[in-house]
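Q: Provided below are the primary sequence and the corresponding predicted coordinates.
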Amino acid sequence: MLQFLLGASIWAFRSGQLALGRGWPLWLLWALLLAGIALIAFTLWRRRLGWWRSAILGALQAAFLALVLLLLWRPVLRVEQSRERQNAVAVLVDDSGSMNTADAPKAPVRRAQAVAALQDKALGEIAAHSDLRLFRFADHAAPVDSLKNLPGSAQSTSIGEALNTVLQLATSVPLAAVVLVSDGADTANSLDEAELSRLAAAGIPVHTVGVGPEQPQNDLEVTQFQVPASAMAGSTVQATVSIRFQNQKTGRVRLYDAGRLIAAQEVQFTGPAGLTTVQLAFPAGEAGVRDLRAAVDPAPGETRLGNNERTAVMEVDGRRRTVLYIEGEPRWEYKFIRRALEGDHRLRVASAVRATPNRYYRQGLTSGSELENGFPSTIAELFGYDAVIIGSLEAAALSNDQQQWLKDYVDRRGGSLLMLAGRDGLGDGGWGRVAIAPLLPAKLPGGPDRSYGMFKSKARLTPYGRAAVVGRLAADDAANEKAWDGLPPLTDYQDLGPLRPGAIVLLDAVAPDGKSAPLLVTQRYGRGATWLLATASTWHWQMQLPKEDQRHETFWKQLLYTLVAPSPARISLQPERPVYEDGTAVTLEAEVLDESFKPVPDAQLQINARAPDGTAVPARIEPSGRGDGRYAVALDARDPGLYEVHLTATAGGKTLGEAATHVRRIDGVLEQFGSWQHRPMLERIARETGGRYWTLDDLAGLPEAIRYSHAGMVESHTLDLWNAPLGFLLLALLKGGEWLLRRHWRRL
């Protein structure tokens, strides 16, 4: 109907240019119009109808005159139209896993809905005017003879690569347009800004057809599951699970290790829809590989269950870790820290307590020469420890070289440094004026005033502390809060000074009057981390509690495990991701360092990789080219399952060390996640390329829109608009309206 009234297609108006075909000068048109308006005004003034009646009648007569003059000047529409049967149109149908989804019970899958809509409303007419080419999502884009029996076997949606493949048609045949039929879930992440720019530069419009609901309905989805790449045997590990929900109120997350339930937690969802994140603490267990799976229980009536779980792989390192503890004076805190760690075969505390100015009382040593002078005598000896604790010891007790070693220990070696409060500790010991000071999470105060003294307070968890393993004294959140509230008060405190921007406070010291100050603070620096504990009286927790109460031991074990767990080994092998999904390339990064943790750029690496069935898997090794001791390892892992990868590094005929890791390959999972219609992405593709976004119910205009494409072989047309029915209808309405008003006012 609209096309009949306008005299041309709406798509002709969208793509064409309006012009006047007579060639008469425009000034003459304006002159005649102004003269006519002046004559109308004079005539109405003489009839004395009143100003508002005259204004209405004058407007109607002026509009009638303007329209008559416009039609006399012969309005035309100049358009470019695709040449009949001389252009190709590519129709690219997404047949990946997400298009195999039925969005309602007994409803056809999305792919079948899309094909039915295309065949009913668009394909026949497109084929009547163009060379129709059909493609599906497989091997970037595969041509097909018919859309009736698409296999739906594409493991991932790579919209960018598929469009690039189809657009290559333009190099051999004139291509007028591309029709992309998809839900827009680009699971292969192939559509970045550069790719969109390349598509726009091709000059070929891409019309996108959206399939599927724009919002998921009654669906729980595990969008993220993260665990540390490696953990220390016997430690407690924190897993992060993010869940997308719609209208559910509660849920339950379960964590499995090789099918065995190891943790579970109730989740409260707030709001009608959104994303919530939960933390689950679980024991790392003994040395080995942990094949983990996080799953959320299905909601009542939920039908799409493939996105309710995700997997991860975590290496549990069984090597014994060593802590260096240097104390400037005998004190109770030192005694009870060592007692808390007695009997733990996974952790060795090598300690030296200064008894006299030149003598140290040493414990936990492996040889008589270890810590012979208190602090390590070489940088290599210091770098052999996984964490360092410094108690009530003045900074001047270390030489300038040892101060610099300590800085390099955190920054380059990636170790953790914990500094304790004390009479000669922290700011009172001059640690705010040495090389390590900029690495600490607070600007330690200095000067003649002492910052350490008697101060009664209670330890209280901060929000960061509640989420950290260090703050976990009980598995249940409520029980954990109660456990901290029941601890005896601390009796001393040392001012830490202003915190640095990157500092994270895990514990506060709360005074009886309610005022609080940071008690346990940390921050990352370089490859390592620094920690400050502003008290030396945690031993009161043990002394004032029953003997069987283990809260003091638990706190110090978890704190020391947290210090030593991230300590990197000299030879490491880490996958870029623990789980590789649906055809993504398996790549790992190896790092080789010497005893001083300096890069070994010329190391020889040997990779032994085994597939799940035990067969050898080829691997390719390439140096990073930066001389930083890093090497890229590409693994030919094609079959699903858990792969074991072992690395041996040598240099100059000497074995430097070994490392091992595991990666999991899984198939058929990418398309289960985020599989609703991503309409903003489809609209942007159409907008950037000059096409349009369509729904399945609105495909009738698609063939006509393609006919007025500027791509491919086009020809120019001039369409007359002066004889359009709309113009004559407007003339009749204007005169009819004037006549009715005059009759109503009895002023004919």
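A: That came in fine, so what should we check first? Treat the numbers as computed from the prediction; the structure is a model and nothing was measured. Numbering: from 1, shown residues only.
Q: how are the strands of the stretch 451-600 of the chain distributed by residue range?
A: For the stretch 451-600 of the chain, strands defined by DSSP state E, counting those that start in this stretch occupy the ranges 452-461, 490-494, 504-510, 516-525, 528-533, 571-575, 579-581, 586-592.
Q: strand partners of the second one, parallel vs antiparallel please.
A: Here strand 490-494 is paired, per DSSP bridges, with strand 452-461 (antiparallel).
Q: list the buried residues of the partner strand.
A: The neighbour-count check on strand 452-461 (16 or more other Cβ atoms under 10 Å) flags Y452, F455, S457, K458, A459, R460, L461 as buried. Any C-beta I mention is one placed from the backbone N, CA and C, and that applies to glycine too.
Q: quick check: end-to-end length of stretch 582-602?
A: By Cα to Cα, to the nearest Å, the extent of stretch 582-602 from end to end equals 34 Å.
Q: begin at 6 from here
A: Got it, the first residue is 6 from now on, which makes the last one we talked about stretch 587-607.
Q: for it, give the mean pLDDT please.
A: Mean per-residue pLDDT for stretch 587-607: 86.
Q: what of stretch 563-570?
A: 94.
Q: cool, and stretch 212-232?
A: For stretch 212-232, the mean per-residue pLDDT is 88.
Q: so which bits of that stretch are buried?
A: 212-217, 221, 224-227, 230, 232.
Q: a markdown table for those, including secondary structure and distance to S59?
A: Converted to a markdown table, the buried residues of stretch 212-232 look like this (DSSP: H, G, I helix; E, B strand; the rest coil; distance: Cβ to Cβ, whole Å):
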| residue | secondary structure | distance to S59 |
| --- | --- | --- |
| H212 | strand | 51 |
| T213 | strand | 53 |
| V214 | strand | 54 |
| G215 | strand | 53 |
| V216 | coil | 58 |
| G217 | coil | 59 |
| P221 | coil | 62 |
| D224 | coil | 66 |
| L225 | coil | 70 |
| E226 | strand | 68 |
| V227 | strand | 73 |
| F230 | strand | 77 |
| V232 | coil | 83 |
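Q: mind putting those residues in CSV, distance to L731 included?
A: Output for these, formatted as CSV (distance: Cβ to Cβ, whole Å):
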residue, distance to L731
H212, 28
T213, 31
V214, 31
G215, 32
V216, 36
G217, 38
P221, 45
D224, 48
L225, 54
E226, 51
V227, 57
F230, 61
V232, 67
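Q: give the helix, strand or coil label for the residue sitting nearest the centre point of the chain.
A: Closest residue to the average C-alpha location of the chain: Q229 at 9.1 Å, with Cα atoms, centre = their mean. Following DSSP: H, G, I helix; E, B strand; the rest coil, Q229 is assigned to strand.
Q: R417 now?
A: Counting by three-state DSSP, the backbone at R417 sits in helix.
Q: my guess is the residue nearest to the centre of the chain contacts S247. True?
A: Yes - in this structure, Q229 is within contact of S247 by Cβ atoms under 8 Å, at 3.9 Å.
Q: ranges for the helices of the stretch 356-505 of the chain?
A: 384-388, 405-413, 468-472, 482-490 (DSSP state H, counting those that start in this stretch).
Q: mind listing what A440 touches?
A: N405, Q408, Q409, L411, K412 (Cβ atoms under 8 Å, 6 or more residues apart in numbering).
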